[in-house]
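Colleague: Sequence first, then the predicted structure:
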Amino acid sequence: MTINEESTLSNFIQQAINNDNESGRFDRRIHTRFPPEPNGYLHIGHAKSICLNFGLARDFGGLCNLRFDDTNPTKESVEYVESQKEDVRWLGFDWHDRELYASDYFDELYEFAKQLVLDGKAYVDSLSQDEIREYRGTLTQPGRESPYRERSVEENIDLLERMKDGEFPDGAHVLRAKIDMASPNINMRDPVMYRILNTEHHRTGAKWRIYPMYDFAHGQSDSIERITHSICTMEYEDHRPLYDWFLEELGMYQPRQIEFARLNLSHTVLSKRRLLRLVEGGYVNGWDDPRMPTIAGFRRRGYTPEAIRDFCDRIGVAKNAAIIDIALLEHSLRDHLNKTAPRAMAVIRPLKVVITNYPEGETDWLDAVNNPEDETAGTRKVPFSRELYIERDDFMEDPPRRFYRLAPGREVRLRYGYFIKCEEVVKDNDGEVIELRCTYDPETRGGSAPDGRRVRATLHWVSSEHAIDAEVRLYDHLFMRWNPDEEADDGADWLSFLNPESLVVVEAAKLEPSLADASPGSRYQFERQGYFCVDTRDSMSGKPIFNRTTTLRDTWARVQRSQSNR
RNA sequence: UGGGGAUUCGUCUAGUGGUAGGACGACAGACUCUGGAUCUGUAAGCCGGGGUUCGAAUCCCUGAUCCCCAGCCA
């Protein structure tokens, strides 16, 4: 896949690394890490970080660790660890033997904490949670020092050990760094290093009763792993002075933290809280619902890792809050699927067509190209017979200007088949068109006329006798709004912007018979309609279910839109 | 007069004192047995105001707007 060399080679993080290489700051060594907290499913925003961190390591000939930031056992689980590993792997990245955990360093971290206490740089605070908040001050007012701030080293060590040994209930004490309660940066106002959590950890079991906070664990973990560039999102910029402070006070090797803007995607939400609400509120069917912006959701929807990686390369890396048009993701998707997905014919909303001059009971097996973008994909046979289905949308009794599909008296081509002409329209008592009676030209077999006659349209079709039935799930954007997070003028909230048509189920689509044994997860282009994949969860042999990954670009739809706007 | 960060086509993004470029999207056309793909072209931008300079997106001053921070979450 071609990547945009220009943009991938000129983002500010690459420049920073180049500078560090020139100055020899890290001995020209590059070592990054992707540090998810195993408390949920990875989403497209994480994909940006994964591609960035693993990509940098790849491009600069360095390494990238997978490190789980598992410092809060109340929210984390092995299930999440497993799903996150699967997602990183699926995206195409390999951490080799460096599957690491912040919890691997709990012993060392505890020793670091004791060292700071011994140095008079940390103390045990026994204020309640509310009191600590009160003492912290506000954004505009400095905080006040805790009455416990000047406890003796001996008392602090004693209390800390007893905290570790499980002598106290949750919240009784915390260990705090002694920095500056008047700092304009709230993170420096004696931040909490350890809190008591009488909870078992998914990896360390019942060993610990106290767990380190992010700020006390992350930098030291980076340092222990000899990370050179610790890349994180903008909200951690205010934490960088603290990151550096711990490492300096501890006299440890110091990586460089660099912040970039997290990804926002149009027509969806990416905050963990909102994603969780969608799942728990039943607005979608689980974390891997094909409408979810999770890696698992995209995978089930039929997206390819190549498409997501290409997207991450295209969006660039910068520091300003941006909302990327989801159309860009869809562009990367179509770009890859166009080259790789075999074509097939499927009629989603069938309209019966009888070829009146075609012999009854006869079947003609026609040659169809599997992928015009890939000669090696070969050809297949599709059956033609007297009774067919075409798409309802491909016929109009009273066609408007620029509609050049089938209409009474008009001739069109059936793809890889024959030219047919509509002779008669059959309706039911309600005036609904239920059948078309057409004639075919035997001379046009394969799709071209010996007399050089041309037709304006080519339609997809299936033979009714040979077609297989399938359920088709038509997915669309989850939200109707560019930015659902932005409150509406009338105060309506983000959930009210859910797209009621984000999933439309069609029970009885008609597929060409070659699709009968399509395996779960396999992707196709249904010609003239879009890319579809066999659902990996609900599809069963004999009763296939296809998910629409995305539509094809639709010029006719655009024409219709511009006509109705007039 | 709390701290931190940001602002370049509709949306992203390059630019590092010397012709504002690319991508997506939009529009127009060519081609086409997918109204797909492909190809060609068009429109579209430096947050505002001052200043420095032969020359400013870039340097200086000033203002505006947006984002993040007051978890014993990460």
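Modeller: Looks like it came in fine. Residues are numbered from 1 along each chain as shown, chains lettered A, B, ... in the order given.
Colleague: check contacts around A:Ser522.
Modeller: Contacts of A:Ser522 were listed using Cβ atoms under 8 Å, 6 or more residues apart in numbering, and they are A:Cys533, A:Val534. In short, each C-beta sits where N, CA and C put it, glycine included.
Colleague: element containing A:Glu111, please.
Modeller: helix A:106-118 (DSSP states H and E).
Colleague: C-terminal to that helix, what's the next element?
Modeller: Helix A:106-118 is succeeded, C-terminally, by strand A:122-125 (DSSP H and E).
Colleague: May I have the phi/psi pair for the residue of chain A found nearest RNA strand B?
Modeller: Residue of chain A nearest RNA strand B, by Cβ to the nearest atom of the strand: A:Gly447 (1.7 Å). Dihedral pair for A:Gly447: phi 120, psi 0, per degrees, to the nearest 10.
Colleague: isn't it right up against A:Gly417?
Modeller: Yes - counting by Cβ atoms under 8 Å, A:Gly417 is a contact partner of A:Gly447 at 6.5 Å.
Colleague: So between those two, which is more surrounded?
Modeller: Each of A:Gly447 and A:Gly417 has its neighbours counted (other Cβ atoms under 10 Å); A:Gly417 has more, 25 against 17.
Colleague: Assign a three-state SS to A:Ile390, would you?
Modeller: Secondary structure, DSSP: H, G, I helix; E, B strand; the rest coil: A:Ile390 is strand.
Colleague: what about it, neighbour count?
Modeller: When neighbours are counted by other Cβ under 10 Å, A:Ile390 registers 25.
Colleague: A:Leu414 now?
Modeller: 24.
Colleague: bridging residues for it?
Modeller: The partner list for A:Leu414 in beta bridges (DSSP bridges) reads A:Leu459.
Colleague: OK, contacts around it?
Modeller: Per Cβ under 8 Å, 6+ apart, neighbours of A:Leu414: A:Phe384, A:Leu388, A:Ile390, A:Ile420, A:Gly447, A:Thr458, A:Leu459, A:Trp461.
Colleague: Not counting sequence-adjacent ones, nearest residue to the third one?
Modeller: For A:Ile390, ignoring the flanking residues on the chain, the nearest one in space by Cβ to Cβ, 6 or more residues apart in numbering is A:Trp461 at 5.0 Å.
Colleague: thinking again about what came up before, other SSEs contacting the helix holding A:Glu111?
Modeller: strand A:122-125, helix A:153-164, strand A:174-177, strand A:192-196, strand A:210-212, helix A:214-224, helix A:240-250 (3 or more Cβ pairs under 8 Å, 6 or more residues apart in numbering; DSSP states H and E).
Colleague: among those, which is nearest A:Leu265?
Modeller: With respect to A:Leu265, and counting by Cβ to Cβ, the nearest of these is helix A:214-224 at 25.3 Å.
Colleague: low pLDDT regions in the stretch 451-566 of chain A?
Modeller: Where the stretch 451-566 of chain A drops to pLDDT under 70, the residues are A:488-491, A:565-566.
Colleague: Recalculate using a threshold of 80.
Modeller: A:487-492, A:564-566 (pLDDT under 80).
Colleague: That one: strands as residue ranges?
Modeller: Assigned by DSSP state E, counting those that start in this stretch, the strands in the stretch 451-566 of chain A fall at A:458-459, A:461-463, A:468-475, A:503-511, A:523-526, A:530-534, A:545-551.
Colleague: how about TSV for those strands, with mean neighbour count added?
Modeller: Formatted as TSV, these follow (neighbours: other Cβ atoms under 10 Å):
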stretch	mean neighbour count
strand A:458-459	21
strand A:461-463	26
strand A:468-475	19
strand A:503-511	16
strand A:523-526	23
strand A:530-534	25
strand A:545-551	23
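Colleague: can you put those strands in a markdown table and add distance to A:Ala322?
Modeller: Formatted as a markdown table, the strands of the stretch 451-566 of chain A follow (distance: least, Cβ to Cβ, whole Å):
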| stretch | distance to A:Ala322 |
| --- | --- |
| strand A:458-459 | 41 |
| strand A:461-463 | 44 |
| strand A:468-475 | 25 |
| strand A:503-511 | 28 |
| strand A:523-526 | 30 |
| strand A:530-534 | 27 |
| strand A:545-551 | 22 |
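Colleague: Now do the contacts for A:Gly24.
Modeller: A:Gly24 neighbours (Cβ under 8 Å, 6+ apart): none.
Colleague: got a pLDDT number for it?
Modeller: For A:Gly24, the model assigns a pLDDT of 95.
Colleague: any idea how far it lies from A:Thr228?
Modeller: 12 Å (Cβ to Cβ, to the nearest Å).
Colleague: before we move on, what about A:Arg343?
Modeller: In terms of Cβ to Cβ, A:Arg343 sits 47 Å off from A:Thr228.
Colleague: more crowded one of these two?
Modeller: A:Thr228 (26 against 19).
Colleague: Test my guess that that one contacts A:Gly62.
Modeller: Yes - in this structure, A:Thr228 is within contact of A:Gly62 by Cβ under 8 Å, at 7.4 Å.
Colleague: Common neighbours of the two, please.
Modeller: What both A:Thr228 and A:Gly62 touch, as defined by Cβ under 8 Å, 6+ apart, is the set A:Arg29, A:Ile30, A:His31, A:Thr32.
Colleague: check contacts around the third one.
Modeller: Think A:His31. A:Ala57, A:Gly62, A:Leu63, A:Cys64, A:Asn65, A:Glu225, A:Arg226, A:Ile227, A:Thr228, A:His229 are the contacts of A:His31 under Cβ under 8 Å, 6+ apart.
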